[in-house]
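K.L.:
With the input below, show me the fold.
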Amino acid sequence: MASLPAATIIPARRVRGRLRVPGDKSISHRYAFLAALAAGRSELRNYAPGADCRSTLTCLGALGVTVALSSSAASVDGRGLGPLRAPSAPLDAGNSGTTMRMLAGILAAQPFDSTLVGDASLSRRPMRRVIDPLLEMGARIDAVDGHAPLTIHGAPLRSIDFRPAIPSAQVKSAVLLAGLHASGATSVTERVRTRDHTERALQAFGYPVQVNGLTVSIEGGRPGIGRELDIPGDFSSAAFWMVAAAALPDSEVVIEGVGLNPTRTALVDVLRRFGARVQVEESGPSAGEPSGTIIVSGVAVGSVDVAPDEVPALIDELPAIAALASHGGRVSVRGATELRVKESDRIGSLVAGFRALGIAADEHPDGFVIHGSGQPSGGVADARGDHRLAMAFAIAALSARSPSRIEGSDAVAISYPTFFETLDRLVL
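P.N.:
Numbers count the residues shown, from 1 in each chain. This next block holds a predicted model:
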């Protein structure tokens, strides 16, 4: 396999092996933010190693929070709910939408002005969805047509009862983080359940959170307590190995220590519908987050349709799901317009990349259809700076007749820096 940023993928007959994936990116962000607002030191073991989660720690450090990152953990000295330190320069969220949106919720209550910036990709992503509820709570935020950079003029916040129009765990989390500093109880009521890592994390740190159906409420002014917590493996990273094993005949992967939060594991049902054999062995929860082992083996190639009501629970796994059909079969996804405002336009970019690899793909305004008809030719696919597309193209290219190149493959550093090393170890 060639050196990054352009990776060469050699066709493979199957994938086999036992592995662990990096710490969960979504949980790592949330634990870091809540640890910073808690009283005392927190030790966050298996903190995600990617660039996105480092951006969160760097921003917290610029706000006066003492943080230290080793190869196995992040240490955070919480400052409680008192004021953070005004930053001396704009806070750079890099490529991380989670960092920008959730940190905006914290900064909305601070007694100083701050500016959040990001890379070119993040600067194109919509921020109005998080700006509006924070304005309602009393903050003042300047933006460029609803995009970063965001200049946040912090202020005393009031509680609100918020009902987001677009399902978003990031926006829900931003409002709840702002609610920790608001007077009274702040609530978020969702139309569709999104991932609940923030609710579980709030409980783990001892914050006063209440969950009643689709409504989450937080009481302001009461800090949490620093904790030692273990972060399970990232299910969205594991998704690529699960898809590879499901799609290539005579394959099997065993993924240990991976998160099994029920708001994240809808892919298991999708793979079973496609024809794969999937075994899930739960080992027990840690701080409310279940984890365990997933075993996936390819049995038969079929077809699967992902309906609009399934999309919120699969939003990060949809690029991986698309790669299922590259090895034969058919995958259809509709109701996924949100993919167009991720790190890239994940509909247009995904379809273009699959076609470049010789795989039939149709683009729709709200989704795509991938047709696996025989062995694709292989080719050169451009990940366009998107980590999940880089990994999806790599898995799809395993079934090609000839080697393929993934341009921009260094984007995997955002979430899974060792992805290509692991791929080398699993392919046969």
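K.L.:
Ramachandran angles for residue 151?
P.N.:
Torsion angles at residue 151 (phi, psi; degrees, to the nearest 10) stand at phi -100, psi 120.
K.L.:
correction: residue 189
P.N.:
Taking degrees, to the nearest 10 as the convention, residue 189 sits at phi -120, psi 120.
K.L.:
tell me the contacts of it?
P.N.:
Neighbouring residues of residue 189 by C-beta atoms under 8 Å, 6 or more residues apart in numbering: 161-163, 214-216. Where you see a C-beta, it was placed from the backbone N, CA and C, and this is true even at glycine.
K.L.:
Give me the buried subset of the residues you listed.
P.N.:
Among those, those classed as buried by 16 or more other C-beta atoms under 10 Å are 162, 216.
K.L.:
Among the contacts of residue 189, which are located in strands?
P.N.:
161-162, 215-216 (DSSP state E).
K.L.:
Looking at the residues you listed, which is nearest residue 44?
P.N.:
residue 216 (22.1 Å; C-beta to C-beta).
K.L.:
what sits against that closest one?
P.N.:
When contacts are counted by C-beta under 8 Å, 6+ apart, residue 216 touches 172, 176, 187-189, 198-199, 209-210.
K.L.:
Select only the buried ones of the residues you listed in ChimeraX?
P.N.:
To isolate the buried ones among the contacts of residue 216 in ChimeraX, judged by 16+ other C-beta under 10 Å, type:
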select :172,176,187,188,198,199,209
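K.L.:
Among the contacts of residue 216, pick out the one closest to residue 360, please.
P.N.:
Looking across the contacts of residue 216 and measuring by C-beta to C-beta, the closest to residue 360 is residue 172, at 37.4 Å.
K.L.:
I'd like to know how far the closest one sits from residue 163.
P.N.:
Counting by C-beta to C-beta, to the nearest Å, the gap from residue 172 to residue 163 is 11 Å.
K.L.:
follow-up on the earlier one: show me which of the contacts of residue 189 is closest to residue 259.
P.N.:
Lowest distance from residue 259 to the contacts of residue 189 (C-beta to C-beta) belongs to residue 216, with 19.6 Å.
K.L.:
Quick check: pLDDT value at that closest one.
P.N.:
In this model, residue 216 is scored at 98, pLDDT.
K.L.:
Which parts of the protein belong to which domain?
P.N.:
As recorded under automatic domain parsing, the domains making up the chain are 7-23+232-426, 25-230.
K.L.:
what's the first-to-last distance across the last one?
P.N.:
By that I understand domain 25-230. This stretch, domain 25-230, spans 13 Å end to end (C-alpha to C-alpha, to the nearest Å).
K.L.:
what distance separates it from the centre of its chain?
P.N.:
Mean C-alpha position of domain 25-230 versus that of the full chain (C-alpha atoms, centre = their mean, to the nearest Å) differs by 15 Å.
K.L.:
tally of neighbours for residue 309?
P.N.:
By the criterion of other C-beta atoms under 10 Å, residue 309 has 9 neighbours.
K.L.:
again, but for residue 257
P.N.:
Residue 257: 18 neighbours (other C-beta under 10 Å).
K.L.:
I'd assumed it was in a helix, is it?
P.N.:
No - Residue 257: not assigned to a helix; according to DSSP: H, G, I helix; E, B strand; the rest coil it is strand.
K.L.:
Per-residue pLDDT of it, please?
P.N.:
Reading off the model, residue 257 has pLDDT 97.
K.L.:
Contact partners for it?
P.N.:
Neighbour list for residue 257: 20, 232-233, 283, 291-293 [criterion: C-beta under 8 Å, 6+ apart].
K.L.:
can you put these in JSON lines and add neighbour count?
P.N.:
As requested, the contacts of residue 257 are arranged in JSON lines below (neighbours: other C-beta atoms under 10 Å):
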{"residue": "20", "neighbour count": "17"}
{"residue": "232", "neighbour count": "24"}
{"residue": "233", "neighbour count": "24"}
{"residue": "283", "neighbour count": "14"}
{"residue": "291", "neighbour count": "21"}
{"residue": "292", "neighbour count": "18"}
{"residue": "293", "neighbour count": "18"}
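K.L.:
which among the residues you listed gets closest to residue 365?
P.N.:
Distance to residue 365 across these (C-beta to C-beta) is lowest for residue 233, with 34.4 Å.
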